[in-house]
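Q: Quick one: sequence plus predicted model below, questions after.
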Amino acid sequence: MTTSSTLHALIPLVADLAEDLPEHERLRRLLAALRAVLPGDAAALLRLEGEWLRPVAIDGLVPDTLGRRFRIADHPRLAQLLAAGRAMRFAPDSTLPDPYDGLIAQAHGPLAVHDCMGCVLQSGGRTWGLLTLDALDAGRFADDSSLAALQAFSNLACATVTTAERLRRLAPAASARALSQGMGGSAGPRPLTGQSPALRALQKDIALVAASGLNVLITGETGTGKELVAQAVHAQSARAGRPLVSINCAALPDNLVESELFGHVRGAFTGALSERSGKFEQAHQGTLFLDEVGELSLAVQAKLLRVLQSGQLQRLGSDREHHVDVRVIAATNRDLAAEVAAGRMRADFFHRLSVYPLRVPPLRERDSDALLLAGFFLEDHRARLDLGGLRLDAAAQSALLTQAWPGNVRELEHLLSRGVLKALSRTPAPASQTAQQGRRPRIVTLTPADLWDAPAPVAGNAPPSGTGPAPEAPAQGLRQATETYQRQQIQASLQRHQGSWAAAARELHLDRANLQRLARRLGI
């Protein structure tokens, strides 16, 4: 690239430093400028978070990359880039697996990365993360000037990320904590993964209530991640350094509920051979998470009410009172207001719990978060199975976006787990490609056939009930049949709504922008 064209690519980026831009847009422009300067197929910006590197911006990679977290110990290339402290390039014949193997968006032939370089970014005297550039064909960065250009570009990249960091510190503290919690942390609990408006609104509410100390009632359908929300509230609260004690109320036998919650003294009941503290005392100065709280009996609710009101409790079989300082977070998939109306829950207990309600949105309301969550689960399977890459093909990505997901995130996780096993059985590793022989581990691709036994139904279109003759196999192949079905559904919906994309998106349970992107890919 000539000097003039390089300046043409960089001048707007320098001007952006003075602009008030959303962080994701600022970082996206940074990567677009890098690919304008250097001829890579994909670029990524990864933030260092403890023992993990998390992609915060990508260009040229499949969307689910943003949902992945790369453990440094599992990725020797990333570890070497961090240790080098400067721009470095890997030899095209390197046998080290690349974290982006199989994730280049425009890959139509070989899936493995064959030319790779990267650079450490420093911000405020500390390592902020990595800037990486990859190409599918060997020798793309063979020119000595490429490495020098990346090193020089890293200075501008450092200025960009430093600007983003300073703007985040100037933003309201609650909002900053919410966004930082939203896509992960160090090796702690599973993060709340996603970028949809619904999830971002939830993250802001979490950050708002976390600092308050109020009791929280988390509601949502089964499988939406209510326990993760409870963990996020605790992690962002002043009690984060104290215990988070969880108890599944639905799994407690009626004769042991009081003992589990309040503890007991020796001899309180048959089998009570010693004195034991309960969950409330174990959570002293911390947080107690009552999962499936709607399963508690009215008698137990009455006894819990006193602890919620005054912090006083008595161990089973004892007259001595104990004082506890506990924040209670409860979760349920029931409509507790309806339970109160039906007489199955005490109104005073319900209102003590529901000081600040948080509703966890179902996956069908979270736009393209299904792909980011898929990336998170696939990277976990990839590391566990020691694969070079684990990816979704284009048809599988489209199918994931069109699901109704009645089982929500848990359904998605189990679907991918089954799909990985099917894909592995379908594509056994050739002996010549094993890591033991000095080759990079294989890349496994999941197709719709690995995820579903039949073409996946579009959201909003339930499968027919009853049994009937099995449909014939599609003559044009599964991928083409899936696309044909999607095309028919979209066209029919647009016709019903007189060409209104917004109305069609609502009917198909899709974000309008995602629907339009899918339609363009299908040639509509």
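A: Alright, I've got the coordinates.
Q: Tell me if I'm right that Ala87 and Gln151 touch.
A: Yes: taking C-beta atoms under 8 Å as the definition, Ala87 is a contact partner of Gln151 at 3.9 Å. (Glycine included, C-beta is placed from N, CA and C.)
Q: Surely Leu387 is in a strand?
A: No: secondary structure of Leu387 (DSSP: H, G, I helix; E, B strand; the rest coil): coil, not part of a strand.
Q: Give me the phi and psi for it.
A: Dihedral angles of Leu387 (phi, psi; degrees, to the nearest 10) stand at phi -100, psi 150.
Q: pretty sure it contacts Arg442?
A: Yes: when contacts are counted by C-beta under 8 Å, Leu387 is listed as touching Arg442 (6.5 Å).
Q: still on that earlier bit, so between Ala87 and Gln151, which is more surrounded?
A: Neighbour tally, Ala87 and Gln151, criterion other C-beta atoms under 10 Å: the higher count belongs to Ala87, 21 against 14.
Q: confidence score at the more buried one?
A: With respect to pLDDT, Ala87 scores 91.
Q: One more: the one 5 residues further on?
A: Among the per-residue scores, Pro92 shows a pLDDT of 86.
Q: so how far is Ser212 from it?
A: Per C-beta to C-beta, to the nearest Å, Pro92 is found 55 Å from Ser212.
Q: same check, this time on Ala331
A: 18 Å.
Q: More neighbours: the two, which one.
A: Ranked by neighbour count (other C-beta under 10 Å), Ala331 and Ser212 place Ala331 first, with 26 against 15.
Q: Quick check: phi and psi on that one?
A: Per degrees, to the nearest 10, the backbone of Ala331 is at phi -140, psi 150.
Q: wait, doesn't it sit right on Glu292?
A: Yes: with contact defined as C-beta under 8 Å, Ala331 counts as touching Glu292 (7.0 Å).
Q: For burial, what's the neighbour tally of Gln282?
A: Neighbour count for Gln282, taken as other C-beta under 10 Å: 16.
Q: right, and the secondary structure at the closest residue to it other than its chain neighbours would be what?
A: Nearest residue to Gln282, sequence neighbours excluded (C-beta to C-beta, 6 or more residues apart in numbering): Val245, at 5.0 Å. Here Val245 is recorded as strand under three-state DSSP.
Q: again, but for Pro191
A: Following three-state DSSP, the label given to Pro191 is coil.
Q: now swap in Ala338 and tell me
A: helix.
Q: confidence score at it?
A: In this prediction, Ala338 carries a pLDDT score of 94.
Q: Could you report the separation of it from Leu121?
A: To Leu121, Ala338 is 52 Å away according to C-beta to C-beta.
Q: Name the residue in the two with the higher neighbour count.
A: When Ala338 and Leu121 are compared for neighbours, Leu121 comes out ahead with 22 against 10, by other C-beta under 10 Å.
Q: gap between the more buried one and Leu130?
A: Taking C-beta to C-beta, one finds Leu121 at 7 Å from Leu130.
Q: Over to Val444?
A: Val444 is 25 Å from Leu130, where distance means C-beta to C-beta.
Q: Please enumerate the shared neighbours of Ala87 and Gln151.
A: Both Ala87 and Gln151 are contacted by Cys119, under the criterion C-beta atoms under 8 Å, 6 or more residues apart in numbering.
Q: Ile206 - how many residues pack around it?
A: By other C-beta under 10 Å, 25 other residues sit near Ile206.
Q: what helix or strand does it sit in?
A: Using DSSP states H and E, the element containing Ile206 is helix 197-210.
Q: What residues of that helix count as buried?
A: Across helix 197-210, burial judged by 16 or more other C-beta atoms under 10 Å covers 198-200, 202-210.
Q: same thing with stretch 337-348?
A: The neighbour-count check on stretch 337-348 (16+ other C-beta under 10 Å) flags 339-340, 345-346 as buried.
Q: what separates the helix or strand where Arg166 lies from the chain centre, distance-wise?
A: Assessed by DSSP H and E, Arg166 sits inside helix 144-170. Centroid separation for helix 144-170 versus its chain: 26 Å, with C-alpha atoms, centre = their mean, to the nearest Å.
Q: Likewise for stretch 97-108?
A: Remark: stretch 97-108 is offset 20 Å from the chain centroid, using C-alpha atoms, centre = their mean.
Q: pull the CA atoms of it into PDB?
A: Extracted in PDB, the C-alpha atoms of stretch 97-108 (Å, rounded to 0.1, in the frame of the first residue of the first chain):
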ATOM      1  CA  PRO A  97      -3.200 -24.000  16.400                       C
ATOM      2  CA  ASP A  98      -4.600 -20.600  15.700                       C
ATOM      3  CA  PRO A  99      -7.600 -19.400  17.800                       C
ATOM      4  CA  TYR A 100      -9.300 -18.300  14.600                       C
ATOM      5  CA  ASP A 101      -9.000 -21.600  12.700                       C
ATOM      6  CA  GLY A 102     -12.400 -22.100  11.000                       C
ATOM      7  CA  LEU A 103     -13.700 -18.700  12.100                       C
ATOM      8  CA  ILE A 104     -12.700 -16.500   9.000                       C
ATOM      9  CA  ALA A 105     -16.000 -15.300   7.600                       C
ATOM     10  CA  GLN A 106     -15.100 -15.500   3.900                       C
ATOM     11  CA  ALA A 107     -13.400 -18.800   4.000                       C
ATOM     12  CA  HIS A 108     -14.500 -20.900   1.000                       C
END
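Q: Overlap of the contact sets of Leu121 and Leu130?
A: With C-beta under 8 Å, 6+ apart as the test, Leu121 and Leu130 both reach Leu45.
Q: Return the closest of the buried residues of helix 197-210 with respect to Asn514.
A: Within those, proximity to Asn514 (C-beta to C-beta) peaks at Ala198, which comes in at 13.4 Å.
Q: picking up where we left off before, reformat the buried residues of stretch 337-348 as a markdown table; add distance to His75.
A: Converted to a markdown table, the buried residues of stretch 337-348 look like this (distance: C-beta to C-beta, whole Å):
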| residue | distance to His75 |
| --- | --- |
| Glu339 | 48 |
| Val340 | 51 |
| Met345 | 49 |
| Arg346 | 52 |
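Q: now, which of the residues you listed sits nearest Glu379?
A: Using C-beta to C-beta, Glu339 is the member of the buried residues of stretch 337-348 that lies nearest Glu379, at 39.4 Å.
Q: Contact partners for that closest one?
A: Shown in contact with Glu339 (C-beta under 8 Å, 6+ apart): 294, 345, 350.
Q: low-scoring stretches of the stretch 151-300 of the chain, by residue?
A: By pLDDT under 70, the low-scoring segments of the stretch 151-300 of the chain are 165, 167-189, 267-268.
Q: and what of the stretch 1-150 of the chain?
A: By pLDDT under 70, the low-scoring segments of the stretch 1-150 of the chain are 1-21, 107-110.
Q: Which stretches in the stretch 301-450 of the chain count as helices?
A: 336-341, 347-353, 369-385, 394-401, 408-426, 448-451 (DSSP state H, counting those that start in this stretch).
Q: Which stretch among the ones you listed approaches Phe269 most closely?
A: Among the helices of the stretch 301-450 of the chain, helix 347-353 comes nearest to Phe269, with 24.6 Å by C-beta to C-beta.
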